[in-house]
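Novice: Build the 3D model from these lines:
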Amino acid sequence: MATSQSVLLLQKQLNELLKHPVEGFSAGLVDNDNIYEWEIIIIGPPDTLYEGGFFKAKMTFPKACCFMDNEYPMMPPKLKFVSDMWHPNVYPDGEVPNDESPANIEAAKEWRENYPAFKKRVQRIVRNSIG
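Specialist: So this is what the prediction gives:
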């Protein structure tokens, strides 16, 4: 059954992350009974505007419903920031796009046209994420 294959794959991947953590990133289940929803914490990488921030997100992996090829890993997971985020590739509601066009037009415009204001806003978001 395809669903059991995706469950096994997700359990294996989560166990790998727990055994071999990735610096600046942590993942766990939102609910122990649902392997398809993960809580993610991303620590802002050094030497970036996001340095030192703690950003929460939720990753949802697709389950099969009608066709076998519409579940993970054939379909990508969705990531949505729960924490405030100001970034050209993150929609105002926290959703991250799958394509290369900017999701947050205002953030992209500010980044291009008024970088100091962009930087100031990101720094405020970082401060708010840790306090």
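Novice: Touching, V30 and K56? I think so.
Specialist: No: with contact defined as CB atoms under 8 Å, V30 does not count as touching K56 (10.8 Å). Every residue, glycine included, has its C-beta placed from N, CA and C.
Novice: hey, what's in contact with both of the two?
Specialist: Here V30 and K56 have E39 as joint contacts, going by CB atoms under 8 Å, 6 or more residues apart in numbering.
Novice: in what helix or strand does the residue positioned nearest the centre of the chain lie?
Specialist: Residue closest to the average C-alpha location in the chain (CA atoms, centre = their mean): L79, at 4.2 Å. Assigned by DSSP states H and E, L79 belongs to strand 78-81.
Novice: Please report the distance of N114 from E51.
Specialist: 21 Å (CB to CB, to the nearest Å).
Novice: so who does P46 touch?
Specialist: P46 touches nothing, counting by CB under 8 Å, 6+ apart.
Novice: that's a strand at S26, yeah?
Specialist: Yes: according to DSSP: H, G, I helix; E, B strand; the rest coil, S26 belongs to a strand.
Novice: ok, it touching I40?
Specialist: Yes: using CB under 8 Å, S26 is in contact with I40, at 7.3 Å.
Novice: if I look at F118, how far off is Q5?
Specialist: 43 Å.
Novice: Looking at the two, which is more packed in?
Specialist: F118 (21 against 14; other CB atoms under 10 Å).
Novice: Could you measure from the more buried one over to E106?
Specialist: For F118, the distance to E106 - CB to CB - is 10 Å.
Novice: Need the nearest residue in space to G24, chain neighbours excluded.
Specialist: Closest residue in space to G24, ignoring its immediate chain neighbours: I43 at 4.3 Å, by CB to CB, 6 or more residues apart in numbering.
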